[in-house]
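[1] this one's structure only:
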C-alpha cells in the first residue's frame, strides 16, 4: 500500500498520464483509475483483476520524468518566492526604520515649536 506522500505525488504530478500497467491483465491505468476498497482497507489495486499495483506505482514514481520536472519547477519557484519575501521584509524593515526616524524628528520639531511659543529658548 502506498504511503500518503506517494499517493499525493501521484495525484499532483501524474494525474494526466498512465501510471501503471497491470501485471495481471495488462490494463493501462491512470492515477484516478487505481482502485481502493475502504471497507476492506485495501488500496492500490487493479479495478479489473484486483492485482496489487503498489510495486508498479512506486516504480512509476521513481522513474516519472514529469514528476521530477514539476518538482524541480516547484522548488525553483519556491526559491524565487523566498527571495522576494526576504527582499520585501528587508524593504519593510528599512521603511519602518525610516518612519521611526521621521516620527522622532517630528516629535523634536513639535517640542521646539512648543518651546518657541512659550518663549523659552530652544535647547542646543
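    Right, received. Where do you want to start? If you're wondering where the values come from, they're calculated on a predicted model, not measured in any experiment. Numbers count the residues shown, from 1 in each chain.

[2] tell me the SS of the most centrally placed residue in the chain?
    Here the mean C-alpha position of the chain is nearest to the C-alpha of residue 78 (CA atoms, centre = their mean), at a distance of 6.8 Å. The three-state assignment at residue 78 reads helix, by DSSP: H, G, I helix; E, B strand; the rest coil.

[3] Offset the numbering so it begins at 27, please.
    Yes, from this point I'll number from 27; that puts the last item at residue 104.

[4] Now do the residue of the chain most remote from its centre against residue 128, distance only.
    Relative to the centre of the chain, and counting by CA atoms, centre = their mean, the farthest-placed residue is residue 145 at 62.5 Å. In this structure, residue 145 and residue 128 are separated by 28 Å, where distance is defined by CB to CB, to the nearest Å. To be clear about C-beta, it is placed using only N, CA and C from the backbone, and glycine gets the same treatment.

[5] Check the secondary structure at residue 115 for me.
    Under three-state DSSP, residue 115 falls in the helix class.

[6] Mind checking what secondary structure the nearest residue to residue 80 once chain neighbours are set aside has?
    The shortest distance from residue 80 to any non-neighbouring residue, by CB to CB, 6 or more residues apart in numbering, is to residue 70 (4.8 Å). Judged by three-state DSSP, the three-state class of residue 70 is strand.

[7] Looks like residue 70 contacts residue 29 (just checking).
    No - with contact defined as CB atoms under 8 Å, residue 70 and residue 29 do not form a contacting pair (10.5 Å).

[8] List the strands paired with the worst-scoring helix or strand of the chain on mean pLDDT, with their directions.
    Within the chain, confidence by mean pLDDT, DSSP states H and E is lowest for strand 61-63 among all helices and strands, at a mean of 83. Applying DSSP bridges, strand 61-63 is found paired with strand 68-71 (antiparallel).

[9] on that earlier part again, so what's the gap between the least confident helix or strand of the chain and the chain middle?
    29 Å (CA atoms, centre = their mean, to the nearest Å).

[10] Run through who's touching it.
    Judged by CB atoms under 8 Å, 6 or more residues apart in numbering, the contacts made with strand 61-63 from elsewhere in the structure are 68-73, 76.
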